[in-house]
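Peer 1: Structure of the sequence below:
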Amino acid sequence: MKPLGPIPPHFASAGNDLLIGGRTAQSLAEAHGTPLFVYDAGAVRARVAALRAALPARIRLHYAVKANPFGPLLALLDGLVDGFDIASAGELAIIAAQGIDPARAGFAGPGKRDSELAAAIAAGVTLHCESAREVERALAVAPSAGKRARLAIRVNPDFDLRGSGMKMGGGARQFGLDAERVPELARHIAHSEAEWRGFHIFAGSQALDADAVIATQAATLELAARLAGEAGVDLPALNLGGGFGIPYFPGDLPLDLVKVGAALAERLADLPPVMAQTALTVELGRYLVGEAGVYLTRVIERKESRGEVFLVTDGGMHHQLAASGNFGTVVRRNYPLAIADRMAEPVAEAASVVGCLCTPLDRLAEKAGLPRADEGDLVAVFCAGAYGATASPSAFLGHGPATEILVDSNA
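Peer 2: Below you'll find the predicted structure:
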């Protein structure tokens with residue numbers, strides 16, 4: 001048997017039934033059908049509250065929309081976080097549709113089209129420019145946008161986030177401007193017609209090592225202060241990035257958030273004068289919503305082949321690409337997964353949970369220790385709140401997207 005990842009501790013069960021936001025998974029699946037993504041509003045609130053308690057009061061929280069752009073989830077977060085980070089004109093339209101003030105958003109990402117630059121400037125979004133050329137293009141389109149451009153520089157630092165699942169800085173990158181070239185561009189923006197908005201430094205993501213996060217935050221603050229000093233400009237804002245990870249796989253332990261917050265508070269108490277008034281932001285996506293989501297899929301058939309058990313479901317990798325191991329994982333490991341209507345039953349067999357797609361890549365769990373499950377039973381894949389529905393190939397083979405819902409025990 002191959003072990004499963006850890007189920008997030010806020011989930012409970014009543015007898016055999018998994019509870020999500022105070023409702024049984026079975027009742028949710030019966031009401032909305034399967035495959036189904038369920039997001040627990042209470043878990044999101046609890047995560048934000050834990051962050052507020054652990055991080056210095058000076059730190060602003062931004063939500064990275066790319067992690068999960070589901071409308072009701074964004075509406076919930078609108079009242080919980082200080083701002084949003086977007087990566088396209090499409091995401092700008094998504095937040096605007098939820099009544100979120102675009103002036104609370106920053107826009108990062110390489111390859112922004114002129115039309116995207118113009119739309120962002122017109123909406124009051126801060127552009128995190130990835131190159132000197134992008135700055136020039138933004139300045140050129142600003143007059144037609146009818147507003148003063150708000151420009152920051154995304155910096156490619158000379159370090160990365162040690163142990164991160166996805167490195168976004170250090171070495172040669174398509175992201176940001178190499179640090180040594182930043183001072184000249186910062187002076188140019190500060191003396192242009194644009195509003196100078198500071199730096200965005202994002203070194204990596206999905207880190208569980210508190211010491212690595214602490215070291216990266218310290219290096220980021222030091223680099224930002226040095227670059228502002230070399231440029232001879234003030235530093236109105238600094239996006240420190242995020243990188244806070246969640247446990248997906250066997251053996252993963254949660255990030256020590258209290259340790260990270262204490263170290264950051266100590267660092268902020270000794271900032272140089274150039275950063276005395278700097279607005280400091282931590283940008284998080286999966287850490288806010290990842291563990292709040294569950295993907296529910298129904299067993300269509302129990303199948304045995306040459307001594308192995310396969311549970312064939314009505315969902316699969318077209319909704320949960322990451323759980324299938326096809327989203328950047330080098331060695332495939334099992335996500336947290338359970339039989340949602342047999343939670344109290346003991347492990348009875350090794351079974352592989354597979355989807356309905358006609359490809360051997362469509363595997364949600366491999367030889368996992370599970371209670372015996374049969375046709376009609378409900379499979380729950382946890383840690384499905386981030387990079388699930390919109391990060392998966394839902395059009396592949398024509399099966400279509402899964403339904404998404406937000407459940408709120410306070411409603």
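Peer 1: Quick check: the gap between residue 117 and residue 107.
Peer 2: 9 Å (Cβ to Cβ, to the nearest Å). All C-beta spots, glycine's among them, are computed from the backbone N, C-alpha and C.
Peer 1: just residue 378 next, same as before
Peer 2: As it turns out, when the distance is counted by Cβ to Cβ, residue 378 lies 40 Å from residue 107.
Peer 1: What number of residues are in the vicinity of residue 268?
Peer 2: 18 (other Cβ atoms under 10 Å).
Peer 1: where do the contact lists of residue 117 and residue 107 overlap?
Peer 2: Taking Cβ atoms under 8 Å, 6 or more residues apart in numbering as the criterion, residue 117 and residue 107 both touch residue 127.
Peer 1: Looking at the two, which one has more neighbours?
Peer 2: The residue with more neighbours, out of residue 117 and residue 107 and counting by other Cβ under 10 Å, is residue 107; that gives 28 against 24.
Peer 1: if I pick the more buried one, what's in contact with it?
Peer 2: In this structure, residue 107 makes contact with 85-87, 92, 116, 120, 125-128, judged by Cβ under 8 Å, 6+ apart.
Peer 1: Among these, name the ones in strands.
Peer 2: Among the contacts of residue 107, the members falling in strands are 85-86, 126-128 (criterion: DSSP state E).
Peer 1: related to what we said a few turns ago, tell me the two of the contacts of residue 107 that are most distant?
Peer 2: Farthest-apart pair in those is 85 and 116; separation 14.5 Å (Cβ to Cβ).
Peer 1: So which of these two has more stuff around it?
Peer 2: residue 85 (28 against 21).
Peer 1: got any ranges where the chain has weak pLDDT?
Peer 2: 160-173, 330 (pLDDT under 70).
Peer 1: now the longest helix along the chain, how far from the chain's geometric center?
Peer 2: Longest helix of the chain, by residue count under DSSP state H: helix 210-231. A distance of 22 Å separates the C-alpha centroid of helix 210-231 from that of its chain, computed with Cα atoms, centre = their mean, to the nearest Å.
Peer 1: List the buried residues in that helix.
Peer 2: Under the neighbour-count criterion of 16 or more other Cβ atoms under 10 Å, helix 210-231 has 210, 212-217, 219-221, 223-225, 227-228, 231 buried.
Peer 1: Out of the residues you listed, which is nearest to residue 59?
Peer 2: Nearest to residue 59 among the buried residues of helix 210-231: residue 217, at 10.1 Å, using Cβ to Cβ.
Peer 1: With residue 90 as the reference, measure out to the residue of the chain most remote from its centre.
Peer 2: Among residues of the chain, the one most distant from the C-alpha centroid is residue 306; the distance is 39.6 Å, by Cα atoms, centre = their mean. For residue 306, the distance to residue 90 (Cβ to Cβ) stands at 46 Å.
Peer 1: How about residue 120?
Peer 2: When Cβ to Cβ is applied, the distance between residue 120 and residue 90 equals 12 Å.
Peer 1: Between these two, point out the one with more neighbours.
Peer 2: Between residue 120 and residue 90, residue 120 has the larger neighbour count (other Cβ under 10 Å), namely 27 against 11.
Peer 1: What backbone torsions are found at the closest residue to that one other than its chain neighbours?
Peer 2: In space, and not counting its chain neighbours, residue 120 is closest to residue 107: 4.9 Å by Cβ to Cβ, 6 or more residues apart in numbering. Backbone torsions for residue 107, taken as degrees, to the nearest 10, come to phi -120, psi 110.
Peer 1: What residues are bridge-paired with residue 107?
Peer 2: With DSSP bridges applied, residue 107 shows beta-bridge pairing to residue 86, residue 127.
Peer 1: cool, residue 196 as well?
Peer 2: Here residue 196 sits in beta bridges with residue 151, as judged by DSSP bridges.
Peer 1: burial of it, as a residue count?
Peer 2: When neighbours are counted by other Cβ under 10 Å, residue 196 registers 21.
Peer 1: Test my guess that it contacts residue 187.
Peer 2: No. At 9.5 Å, residue 196 does not count as touching residue 187 under the criterion of Cβ atoms under 8 Å.
Peer 1: Mutual contacts of these two, please.
Peer 2: Between them, residue 196 and residue 187 share the contacting residues residue 233, judged by Cβ under 8 Å, 6+ apart.
Peer 1: So which bits of the helix or strand hosting residue 311 are buried?
Peer 2: Per DSSP states H and E, residue 311 falls inside strand 308-313. Of the residues in strand 308-313, those buried by neighbour count under the rule 16+ other Cβ under 10 Å are 309, 311-313.
Peer 1: Now that we have these, can you turn them into a markdown table and tack on distance to residue 70?
Peer 2: Formatted as a markdown table, the buried residues of strand 308-313 follow (distance: Cβ to Cβ, whole Å):
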| residue | distance to residue 70 |
| --- | --- |
| 309 | 33 |
| 311 | 27 |
| 312 | 27 |
| 313 | 22 |
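Peer 1: Mind naming the longest strand for the chain?
Peer 2: strand 293-305.
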